[in-house]
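Chemist: Sharing a sequence plus its predicted fold:
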Protein chains: 2
Amino acid sequence: MLDFNFCSPTYFAFGKKTEEKVGELTKKFGGTKVLIHYGQGSVERSGLLNNVRKSLQQSEIEFVELGGVKPNPRASLVYEGIELCRKENVDFILGIGGGSAIDSAKAIAVGVPYDGDFWDLYEQRPEIDQVIPVGTIITLAATGSEASNSSVITQEKGWKKYGFSSELIRPVFSIMNPELTYSLPPYQTACGIVDMLSHILERYFSNTEEVDLTDRMSEAVMKSIIENAFTVMNNPQDYGARANLMWAGTLAHNNILGVGKEQDWSSHQLEHELSALYDVAHGAGLAVVLPAYMKFTMPKHVMRYVQLANRVWNLDINFDNPQETASKGIAAFETFFQMIGMPTTFAELGAKEEDIPQLTAKVRIKGGGDILGFFEPLTRDDISSIYRLCL
Amino acid sequence: MLDFNFCSPTYFAFGKKTEEKVGELTKKFGGTKVLIHYGQGSVERSGLLNNVRKSLQQSEIEFVELGGVKPNPRASLVYEGIELCRKENVDFILGIGGGSAIDSAKAIAVGVPYDGDFWDLYEQRPEIDQVIPVGTIITLAATGSEASNSSVITQEKGWKKYGFSSELIRPVFSIMNPELTYSLPPYQTACGIVDMLSHILERYFSNTEEVDLTDRMSEAVMKSIIENAFTVMNNPQDYGARANLMWAGTLAHNNILGVGKEQDWSSHQLEHELSALYDVAHGAGLAVVLPAYMKFTMPKHVMRYVQLANRVWNLDINFDNPQETASKGIAAFETFFQMIGMPTTFAELGAKEEDIPQLTAKVRIKGGGDILGFFEPLTRDDISSIYRLCL
């Protein structure tokens, strides 16, 4: 096990009608003038936005609003939000929606006190020492952004999709009402399920030894996600399944499943290029990339994949041919993604074979180096091979 | 799943030599004058205390010291600590040791700003709104006090052992170096292992439905504790096993395994009377009480115990006779406790059959009622029966 620091200070209010506590919580965490930041009209139509306005008014908190966050949230709206917050002296950002709205809220929160172009932070990833506090109300179980220290934004100039991390951007509170996810279309629900599984797998793809506890917890959360996924695809209004999935999405990404180990995150880098180029949903892109990544890395990491197959999918181990077990586990993930309606090939995603050289060249490698990831260090040729396995 | 709030804001510095960060962390969390509070001489002999003094001095933080915390920490030392802190204007308490030192530190932390006898708080459990911040360096993987919201103190007058909980007494930071546990005697290591398993089981003994995720995580942590227990009993200096156990002890009791469900805690109440009367180690008392509690409650909760047997102990389910599987799972816990050198009977513990009426009468029931616990509500007769199953 590697040495680590861990701190997940977010206050979670989880359960029915918890959105009615937003005024009280915002006050508790010092907000006096709030930016309500959200996506498209569904939060207005569902009545959620009105409940939020009412709760803030009851707590005598002023607010301004900025909607219009799109999936793969854009830098242009972040600039607009920063300007609005400065003009209106906003001291608290409330992100309402899925990961896009919350990631956009985080970007505004770091941008307002930053004396320069916020995109520099996403390009260069320096340490920061100041943000405006962020609270969230999530309407989608997926990204874990409600508890994570990260934010991903797409810059329209050049269609770059970059992430930024800082302990300072963990939300101070997150309101989680599973009922708010009842009306999600099956496709979006499934994208969320793949996304949360990916957050666990990226941490599971690791060569660090002596992390048995974290391994077992990761396997436990994956098993629970898979079981509840079947329930929720069958009955979108099953409270228990929605609740377990929502909390799983949080635990998948607040790093409790990643402490003390080297983590990979290559699949995310490969997916970022797909969603940047084709504007596909992140979860859908991951459903295509993950099985390809697993197939490519399996031969050098057979026993890791055997453990995954055995513990998550209950597959008996073929001790004469562990590779077979490892492959079956990967096939189980691929089949599962298909069963919940996710694409698993470039064609289903609308991605094109002839774009592979361009995608490969654009994949961002930290520090500008030539080798991506840690579990299995990937060259550009390897990256190209993984994209080809998506065909 | 029940609605819940969850917040575990403690900052964890985990790994080798992390005790050297104590000055830096105390400063970061606002301490300027520290009470170093610890147990018996081992922290002095091991050199830990000197390293702490050095680190505080390097950060230019003043300190006073109060050692002498005993297992089942006493009210008398808490009074002494409160007086010392007031006299010396202490604004930060640093608990060093196992759960006893940290629980005692927490009691001092609530007592200093409280205008009255701190024991009133443990007797009456009111809401509090003020504490002195507490930091910890743990030398024992067991109680989870390094991240929990609770503290248990024994009042010598009448030998009462009472707990107190408040979100305000969660430590602001906890320093966790697994190497500091290398020199623990096997008996204390084993007591810690039982203690952390008990914290998970008390939360697992629940009738709340739709908590599949938390169940699976609890089972995962128990499996990991059991596996690493065998390693560490065999090789006390196995870093990986010590590290996994230490982190498991924290997760077992910061309530991440208990959110959204009714919890039981009857076994703890029954054990408190044993350690109050016979001054036995908490973990040893639990090793006696837990199997008895499980045997008593199993017939009305067969499938819960089947799940435990199957998922934690990998026992195949006898579908014709699930009670048999349930019993085998309970026997596995009892055997495991014996294998790591724990007592599982009154006789081994030094407890006496003739004391059962007295023990039964003293068991503390919240709100002064007649029924203990939630999983299986226990009358005083039931409590007596459970003590008899310990014979």
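Modeler: Everything's here; your move.
Chemist: Give me the neighbour count for the closest residue in space to residue A:378 that isn't next to it in sequence.
Modeler: Closest residue to residue A:378 apart from its sequence neighbours, by CB to CB, 6 or more residues apart in numbering or on different chains: residue A:372 at 4.4 Å. Quick note: C-beta positions are derived from backbone N, CA and C, even for glycine. Neighbours of residue A:372 under the rule other CB atoms under 10 Å in any protein chain shown: 22.
Chemist: give the contact list for residue A:372.
Modeler: When contacts are counted by CB atoms under 8 Å, 6 or more residues apart in numbering or on different chains, residue A:372 touches A:266, A:269, A:363, A:365, A:378, A:382, A:383.
Chemist: Quick check: buried residues in stretch A:129-141?
Modeler: Buried residues in stretch A:129-141, counted by 16 or more other CB atoms under 10 Å in any protein chain shown: A:131, A:132, A:133, A:134, A:135, A:136, A:137, A:138, A:139, A:140, A:141.
Chemist: residue contacts, the second one?
Modeler: Applying CB under 8 Å, 6+ apart to residue A:132 gives the contacts A:85, A:90, A:91, A:92, A:93, A:108, A:109, A:112, A:113.
Chemist: quick one: residue A:207 and residue A:303 touch, right?
Modeler: No - assessed by CB atoms under 8 Å, residue A:207 is found out of contact with residue A:303, at 11.2 Å.
Chemist: if we can go back for a sec, just the buried residues from the contacts of residue A:372, in PyMOL please.
Modeler: To isolate the buried subset of the contacts of residue A:372 in PyMOL, counting by 16+ other CB under 10 Å, use the following:
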select buried, chain A and resi 266+269+363+378+382+383
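Chemist: Kindly indicate which of the contacts of residue A:372 lies nearest chain B.
Modeler: When these are ranked by distance to chain B (CB to the nearest CB), residue A:266 comes first, at 25.6 Å.
Chemist: Skipping adjacent residues, who's closest to the closest one in space?
Modeler: Among residues not flanking residue A:266 along the chain, residue A:373 sits closest, at 3.5 Å (CB to CB, 6+ apart).
Chemist: Low-confidence regions, the stretch 101-250 of chain A specifically.
Modeler: Applying pLDDT under 70 to the stretch 101-250 of chain A flags no residue at all.
Chemist: try it again with 90
Modeler: A:124-127, A:142-143, A:157-163 (pLDDT under 90).
Chemist: Could you confirm residue A:241 falls within a strand?
Modeler: No - Residue A:241 is assigned helix when assessed by DSSP: H, G, I helix; E, B strand; the rest coil, not a strand.
Chemist: What is the neighbour count of it?
Modeler: By the criterion of other CB under 10 Å, residue A:241 has 23 neighbours.
Chemist: How is chain A partitioned into domains?
Modeler: In terms of domains, chain A is parsed into A:11-180, A:184-389 (source: automatic domain parsing).
Chemist: Any idea how far apart the tips of the longest one sit?
Modeler: The separation between the terminal residues of domain A:184-389, taken as CA to CA, to the nearest Å, is 31 Å.
Chemist: any idea how far it is from the chain center?
Modeler: Its chain's average C-alpha position is 12 Å from that of domain A:184-389, according to CA atoms, centre = their mean, to the nearest Å.
Chemist: The helix or strand harbouring residue A:22 packs against which elements?
Modeler: When elements are assigned from DSSP states H and E, residue A:22 belongs to helix A:22-28. Judged by 3 or more CB pairs under 8 Å, 6 or more residues apart in numbering or on different chains; DSSP states H and E, helix A:22-28 is in contact with helix A:48-58, strand A:92-97, strand A:134-138, strand A:173-176.
Chemist: List the buried residues in the first one.
Modeler: Across helix A:48-58, burial judged by 16+ other CB under 10 Å covers A:48, A:49, A:51, A:52, A:55, A:56.
Chemist: Format those as a markdown table; extra columns: distance to chain B and pLDDT.
Modeler: A markdown table is the format used below for those (distance: CB to the nearest CB, whole Å; pLDDT from 0 to 100):
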| residue | distance to chain B | pLDDT |
| --- | --- | --- |
| A:48 | 18 | 97 |
| A:49 | 22 | 97 |
| A:51 | 17 | 97 |
| A:52 | 18 | 98 |
| A:55 | 16 | 98 |
| A:56 | 20 | 98 |
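Chemist: distance of residue A:309 from residue A:328?
Modeler: For residue A:309, the distance to residue A:328 (CB to CB, to the nearest Å) stands at 6 Å.
Chemist: who has more neighbours, those two?
Modeler: Using other CB under 10 Å, the more surrounded residue of residue A:309 and residue A:328 is residue A:309, with 25 against 18.
Chemist: picking up where we left off before, of the contacts of residue A:372, the lowest pLDDT goes to which?
Modeler: The lowest pLDDT within the contacts of residue A:372 belongs to residue A:365, with 89.
Chemist: That one and residue A:371 touch, don't they?
Modeler: Yes - between residue A:365 and residue A:371 there is a contact under CB under 8 Å: 6.9 Å.
Chemist: Tell me where the stretch 51-200 of chain A has strands.
Modeler: Using DSSP state E, counting those that start in this stretch, the strands of the stretch 51-200 of chain A run over A:62-66, A:92-97, A:134-138, A:150-155, A:160-165, A:173-176.
Chemist: do you know which of the ones you listed lies nearest residue B:225?
Modeler: With CB to CB as the criterion, residue B:225 lies closest to strand A:173-176 of the strands of the stretch 51-200 of chain A, at 28.7 Å.
Chemist: Give me the packing partners of the closest one, helices and strands only.
Modeler: Judged by 3+ CB pairs under 8 Å, 6+ apart, the packing partners of strand A:173-176 are strand A:4-14, helix A:22-28, strand A:134-138, helix A:239-251.
Chemist: Partner strands of it, with direction?
Modeler: Applying DSSP bridges, strand A:173-176 is found paired with strand A:4-14 (parallel), strand A:134-138 (parallel).
Chemist: for the residue nearest to residue A:378, phi and psi?
Modeler: When read as degrees, to the nearest 10, the backbone of residue A:372 gives phi -100, psi 130.
Chemist: what separates it from residue A:21, distance-wise?
Modeler: Using CB to CB, residue A:372 is found at 42 Å from residue A:21.
Chemist: just residue A:69 next, same as before
Modeler: Per CB to CB, residue A:69 is found 23 Å from residue A:21.
Chemist: Just want to know which of those two has more residues nearby.
Modeler: residue A:69 (26 against 19).
Chemist: Surely that one touches residue A:41?
Modeler: No - Residue A:69 is not in contact with residue A:41 according to CB under 8 Å; the separation is 11.6 Å.
Chemist: who's in contact with residue A:52?
Modeler: Per CB under 8 Å, 6+ apart, neighbours of residue A:52: A:19, A:22, A:36, A:94, A:96, A:137.
Chemist: On the three-state scheme, the third one is what?
Modeler: When you say that, I think you mean residue A:36. Assigned state for residue A:36: strand (three-state reduction, three-state DSSP).
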